[in-house]
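1. What follows is a predicted structure for the sequence shown.
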Amino acid sequence: MERRLTKKVQKHNDDLKEGIMGWLVDNSLTISEVSTNTNKIDEFKTFMGNYPDIMFTKEDFLKRNRVKNVAPQCERCGAKRANGTQCTRRKKEAGKYCGTHSKGTPHGEISPSDGDVPSVKKVEVWTEDFKGINYYIDSANNVYKTQDIMENKPNPAVIAKWELVGGKYEIPSLGV
């Protein structure tokens, strides 16, 4: 395909160059320098003949690779596909299935024995300032290791427990 396309573009370029030169000759036109009144038609022909043609490379014909977002196992739809495997789409926020399978599961559901579906509990964490140092905490009074949260680890380490004393957050085990 690359060779065919290159030949077609080459032929078009040659036809265009010949067409321009033919039009100049047919209309008895000349290209001349204003100050010296010299004929520049031969120089123009040389310029047109030497003008570089467009070149195609293999990369011009390659398809762009599609990036697929893979849903974690715990967030995947709970329906079976026609080939008996688990649907790879992400399930809806409040449901057990993706948008397609929420209307029906013609091939059945994935049971826990069909695929290992680990139970993952999502915990909402936020930052709180403890005497000038920001720590990630949750509603269960856990203080998480900042590095684990920043690296988006699945099980961040709990480094302490926080307490609310007189409207202020405190971490007694860290002395903060």
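-> Thanks, I have it.

2. okay, and for the chain, where does confidence drop off?
-> 112-120 (pLDDT under 70).

3. chain center to the longest helix anywhere in it: distance?
-> In the chain, assigned by DSSP state H, the helix with the most residues is helix 2-26. Taking Cα atoms, centre = their mean, to the nearest Å, one finds the center of helix 2-26 at 40 Å from the center of the full chain.

4. Show me what that helix is in contact with.
-> Contacts with helix 2-26, where a contact means Cβ atoms under 8 Å, 6 or more residues apart in numbering, come from 29-31, 41, 44-45, 48-49, 51, 53-56, 58, 60-61. For the C-beta atoms, the positions are set from N, CA and C on the backbone; glycine is no exception.

5. try 7 Å this time
-> The contact list for helix 2-26, computed with Cβ atoms under 7 Å, 6 or more residues apart in numbering, reads 41, 45, 48-49, 53-54, 56, 61.

6. cool, stretch 164-176 as well?
-> So stretch 164-176 is contacted by 128, 130-131, 133, 143, 160-163 (Cβ under 7 Å, 6+ apart).

7. quick one: terminal-to-terminal distance for it?
-> 12 Å (Cα to Cα, to the nearest Å).

8. Please compute how far it lies from its chain's middle.
-> With Cα atoms, centre = their mean as the basis, stretch 164-176 stands 43 Å off its chain's centre.

9. what about the residue nearest the centre of the chain, helix or strand, and which?
-> In the chain, the centroid-proximal residue (Cα atoms, centre = their mean) is V67; its distance is 5.8 Å. Assessed by DSSP states H and E, V67 sits outside every helix and strand.

10. From T85, how far off is it?
-> Counting by Cβ to Cβ, to the nearest Å, the separation of V67 from T85 is 22 Å.

11. same deal with W162?
-> Separation of W162 from T85 (Cβ to Cβ) stands at 44 Å.

12. just K17 next, same as before
-> From K17 over to T85 (counting by Cβ to Cβ), the distance is 59 Å.

13. what do you get for V70?
-> 14 Å.

14. Looking at W162 and T85, which is more packed in?
-> W162 (21 against 12; other Cβ atoms under 10 Å).

15. Now do the contacts for the more buried one.
-> 137, 141, 143, 169-171.

16. Strands along the protein, start to end?
-> 125-130, 133-138, 142-144, 158-161, 163-165, 168-170 (DSSP state E).

17. Run through the bridge partners of the closest residue to N142 other than its chain neighbours.
-> Distances taken as Cβ to Cβ, 6 or more residues apart in numbering put V158 closest to N142, at 4.7 Å, once the chain neighbours are dropped. Assessed by DSSP bridges, V158 has beta-bridge partners Y144.
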